[in-house]
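>>> The amino acid sequence is not available; the structure is as follows:
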């Protein structure tokens, strides 16, 4: 397995992880906005919500770095 294949596999894993992290964030109400059952809450992120938020930022940054690195390895 060469370096390009390894980067491609890591990009797929990070891409799927990034999508999952964005989906599980509940900021903004999600699909409840469509039915009118959304409760808007703007406050400080704490606990698991903060961990998911930071994880999303880190995963997104790693995904961008791997994409740029793939151009150099190619």
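The structure has been received and is ready for your questions. For clarity, every value in this text was computed on a predicted model and none was experimentally measured. Residues are numbered from 1 along each chain as shown.
>>> Low-confidence stretches in the protein?
The chain contains residues with pLDDT under 70 at 27-43.
>>> Tell me which residue is most central in it.
Central residue of the chain (C-alpha atoms, centre = their mean): residue 18, 2.7 Å from the mean position.
>>> Surely that residue and residue 58 touch.
No. Assessed by C-beta atoms under 8 Å, residue 18 is found out of contact with residue 58, at 9.9 Å. (Glycine included, C-beta is placed from N, CA and C.)
>>> tell me which element the residue nearest to the residue nearest to the centre of the chain when sequence neighbours are not counted is part of?
Leaving aside its sequence neighbours, residue 18 sits nearest to residue 59 (C-beta to C-beta, 6 or more residues apart in numbering; 4.8 Å). Element membership of residue 59 [criterion: DSSP states H and E] is helix 48-73.
>>> in that helix, what counts as buried?
52, 55, 56, 59, 63, 66 (16 or more other C-beta atoms under 10 Å).
>>> by contact count, what packs against it?
helix 3-24 (3 or more C-beta pairs under 8 Å, 6 or more residues apart in numbering; DSSP states H and E).
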